[in-house]
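Trainee: what shape does this take:
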Amino acid sequence: MKGKERLIHEKTALFLCKGDPKMYIDITIDLKHYNGSVFDLRLSDYHPVKKVIDIAWQAQSVAIPPREGHWIRVVNKDTVFSGECKLSDCGITNGDRLEIL
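Mentor: Numbering: from 1, shown residues only. Below you'll find the model as predicted:
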């Protein structure tokens, strides 16, 4: 292989070996304002908050619709985010507890 081709090949091989450590995260969902359930999810940190709420609603068959804006509170970090923010942009990582407001 020549210079540029070798560099691309080495970067691809390195990515395949190491993977993307931020691709999936384990979080706890708290629905105390809706049906009271608390459960764990493993999902991509590239999802927006609104999608995570949609997934939680499907997983728990919640009958009450989520409130406008799809707001969450990260309990262990004492921060609040709207549904438009991606999990990775909000700094949400493994072990965080998301309370759906």
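Trainee: shaky segments in the protein?
Mentor: Where the chain drops to pLDDT under 70, the residues are 1-22.
Trainee: please enumerate the strands of this protein.
Mentor: 24-30, 38-44, 72-74, 79-81, 97-100 (DSSP state E).
Trainee: and the residue nearest the centre of the chain, how close does it get to residue 26?
Mentor: For the chain, residue 45 is the residue whose C-alpha lies nearest the centre (C-alpha atoms, centre = their mean; 3.8 Å). Distance, residue 45 to residue 26, by C-beta to C-beta, to the nearest Å: 11 Å. (Each C-beta comes from the backbone N, C-alpha and C, glycine too.)
Trainee: got it, and residue 53?
Mentor: For residue 53, the distance to residue 26 - C-beta to C-beta - is 17 Å.
Trainee: wait, doesn't residue 100 sit right on residue 75?
Mentor: No - under the criterion of C-beta atoms under 8 Å, residue 100 makes no contact with residue 75, lying 11.0 Å away.
Trainee: looking at the two, which one has more neighbours?
Mentor: A count of neighbours by other C-beta atoms under 10 Å puts residue 100 above the other of residue 100 and residue 75, at 21 against 13.
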